[in-house]
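J.: Next come a sequence and a model predicted from it.
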Amino acid sequence: MDNAGYTTLTRQSGLTREMNVLANNIANAATTGYRAEGIAFSEFIKSAPGTESISMATANVQMTSLEQGALKQTGGSLDFAVEGPGFFMVQTPDGERLTRAGAFSPNENGDLVNMDGHLVLDSGGAPIFIPPDAKGVDVASDGTFSVDGNPLGQLGVYRPVNPLDLKRETGVLFEAPDGVEPVEEARVLQGFLENSNVNPITQLSRMIEVQRAYEMGQTFLENEHNRIRDAVKTFVR
């Protein structure tokens with residue numbers, strides 16, 4: 001295979017990966033707290049004296065959109081949304097993780113947990129306890145928790161120190177390898193959940209573009225295959 005063929009194959013591989021990312025975004029368009037993903041293509045050029053340079057493109061960088069999703073009012077006393085930058089922090093078996101999905105509830109021990117049973121952490125990194133006999137839970141815009149009028153703590157809101165290194169672990173959980181820092185300007189809304197920030201129309205439009213680009217690459221590879229086959233037949237004769 002010549003250089004043009006190898007270059008096209010790397011492009012096809014990247015387009016396939018982007019198509020998978022787009023499909024996953026569309027599938028999670030209704031997932032609470034989901035952050036849309038994107039793909040960035042990188043170009044690698046290799047050259048040596050007296051030889052033709054080779055340019056390869058690969059989709060090796062996945063990016064996470066941090067745009068605000070639409071806020072949906074639920075009225076639930078333990079449903080929360082972050083307005084502005086920042087994430088809630090939960091404790092998983094693999095360590096602390098960030099999330100924008102704020103549908104919480106108390107577990108059998110009275111600790112506040114997310115839908116997967118992971119402990120929700122306060123501004124000091126400790127679990128949040130809800131007394132079993134609590135009659136009312138109120139949370140101020142700065143995240144301060146009050147149970148029956150008595151302040152108990154503050155719901156933690158954090159952001160990654162390096163947003164570019166934010167790694168998706170599951171659909172709504174993220175790891176921050178370079179650490180996190182508290183967000184002072186964030187506003188916590190009680191009785192609200194944040195919808196996915198995926199724009200299905202934009203994603204579908206991009207999916208069509210990727211599909212057409214892939215078909216063009218496939219046509220090129222088929223034409224190259226036929227050209228080489230015909231050349232070999234002519235040479236053998």
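T.: On my side now, so go ahead.

J.: alpha carbons only for contacts and neighbour counts from here, please
T.: Noted.

J.: quick check: longest helix of this protein.
T.: helix 200-236 (DSSP state H).

J.: which helices and strands sit right next to that one?
T.: Counting contacts by 3 or more C-alpha pairs under 8 Å, 6 or more residues apart in numbering; DSSP states H and E, helix 200-236 is packed against helix 3-27.

J.: May I see the buried residues of the helix it packs on?
T.: The neighbour-count check on helix 3-27 (16 or more other C-alpha atoms under 10 Å) flags 5-6, 8-12, 14-19, 21-22, 25-26 as buried.

J.: again with stretch 25-38
T.: Of all the residues in stretch 25-38, those buried under the rule 16+ other C-alpha under 10 Å are 25-26, 28-29, 31-38.

J.: Including pLDDT, secondary structure and distance to residue 191, could those residues go into TSV?
T.: Converted to TSV, the buried residues of stretch 25-38 look like this (pLDDT from 0 to 100; DSSP: H, G, I helix; E, B strand; the rest coil; distance: C-alpha to C-alpha, whole Å):
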residue	pLDDT	secondary structure	distance to residue 191
25	95	helix	26
26	95	helix	26
28	95	coil	22
29	95	coil	21
31	95	coil	17
32	95	coil	14
33	95	coil	14
34	96	coil	18
35	95	coil	20
36	94	coil	23
37	92	strand	27
38	89	strand	30
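
J.: just for this structure, where's the confidence low?
T.: Along the chain, the parts satisfying pLDDT under 70 run over 1-6, 42-48, 50-61, 225, 230, 236-237.

J.: Let's see that with 90 instead.
T.: The model of the chain has pLDDT under 90 over residues 1-17, 38-63, 130-136, 145, 147-153, 163-165, 169-171, 184-186, 213-237.

J.: ok, the buried residues of stretch 25-38 vs residue 72, which is closest?
T.: residue 32 (9.6 Å; C-alpha to C-alpha).

J.: Point me to the helix or strand that includes residue 91.
T.: Element membership for residue 91 (DSSP states H and E) is strand 88-92.

J.: give me the number of residues near residue 170?
T.: Residues lying near residue 170 (other C-alpha atoms under 10 Å) number 10.

J.: For it, give its distance to residue 222.
T.: Going from residue 170 to residue 222 by C-alpha to C-alpha, to the nearest Å gives 38 Å.

J.: again with residue 172
T.: Distance of residue 172 to residue 222, computed by C-alpha to C-alpha: 40 Å.

J.: again with residue 146
T.: Between residue 146 and residue 222 the computed distance is 67 Å (C-alpha to C-alpha).

J.: for residue 69, what are its contacts?
T.: 33, 194-198 (C-alpha atoms under 8 Å, 6 or more residues apart in numbering).

J.: what's the most distant pair in those?
T.: 194 and 198 (11.6 Å).

J.: just to revisit the earlier point, return the closest of the contacts of residue 69 with respect to residue 75.
T.: residue 194 (12.9 Å).

J.: And for that closest one, the neighbour number?
T.: By the criterion of other C-alpha under 10 Å, residue 194 has 25 neighbours.

J.: what is it paired to in the beta sheet?
T.: On the basis of DSSP bridges, residue 194 is bridged to residue 71.

J.: Report the contact partners of it.
T.: Shown in contact with residue 194 (C-alpha under 8 Å, 6+ apart): 32-33, 69-72, 81-82, 100-102.

J.: Go again with 6 Å.
T.: Residue 194 makes contact with 32-33, 69-71, 81, according to C-alpha atoms under 6 Å, 6 or more residues apart in numbering.
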